[in-house]
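Chemist: pasting the sequence and the predicted coordinates here, then a few questions.
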Amino acid sequence: MSATFIFLMVVLKLPIFALFYIVWWAIRSPVEPEPVPDEDGGTKRPLAPRPRHPRHPRPPLPRNPRRGPHGAPAVAPPPRVRTVVARGRRIVR
């Protein structure tokens, strides 16, 4: 038997057994009691209201949306190139 076979069959199975143990431990853990409904867990005094800040109006949107990183017009596409179909020559003898 090689060391690789032992490594694959034994050592790599340890995380699987650890996962099964964690799941078994989570299932067997005791149930926590329900919180008392009279207590909300927060403060008893009301919090002070936050001061309201005036909202500034948004700037109007530009009529023509900017293109490119600095507002330059979009780059024109390259001109189309026609492909040439090569035909074989006939050799005359």
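Modeler: Perfect, I can see it now.

Chemist: measure S2 to L14 for me?
Modeler: Separation of S2 from L14 (C-beta to C-beta, to the nearest Å): 19 Å. (Glycine included, C-beta is placed from N, CA and C.)

Chemist: so how many other residues sit close to A76?
Modeler: For A76, the count of nearby residues is 6 (other C-beta atoms under 10 Å).

Chemist: assign it to helix, strand or coil.
Modeler: Look at A76: counting by DSSP: H, G, I helix; E, B strand; the rest coil, its state is coil.

Chemist: give me the three-state assignment for L14.
Modeler: Under three-state DSSP, L14 falls in the helix class.

Chemist: and the one 3 residues further on, by the same measure?
Modeler: Per three-state DSSP, the local secondary structure of F17 is helix.

Chemist: from V11, how far off is it?
Modeler: Distance of F17 to V11, computed by C-beta to C-beta: 11 Å.

Chemist: kindly report the same for A3.
Modeler: Distance of A3 to V11, given as C-beta to C-beta: 10 Å.

Chemist: helices of this protein, residue ranges please.
Modeler: 3-9, 14-28 (DSSP state H).

Chemist: I91: which of these is closest?
Modeler: Closest of these to I91 is helix 3-9, at 65.5 Å (criterion: C-beta to C-beta).

Chemist: please export the C-alpha coordinates of the closest one as CSV.
Modeler: Only the C-alpha atoms of helix 3-9 are listed here, as CSV (Å, rounded to 0.1, in the frame of the first residue of the first chain):
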residue,chain,number,x,y,z
ALA,A,3,1.3,6.5,1.4
THR,A,4,-0.9,8.3,-1.1
PHE,A,5,-3.7,5.7,-0.7
ILE,A,6,-3.5,5.9,3.1
PHE,A,7,-3.6,9.7,2.9
LEU,A,8,-6.6,9.6,0.7
MET,A,9,-8.5,7.0,2.6
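
Chemist: can you list contacts of it?
Modeler: With C-beta atoms under 8 Å, 6 or more residues apart in numbering as the test, helix 3-9 has no contacts from any other residue.
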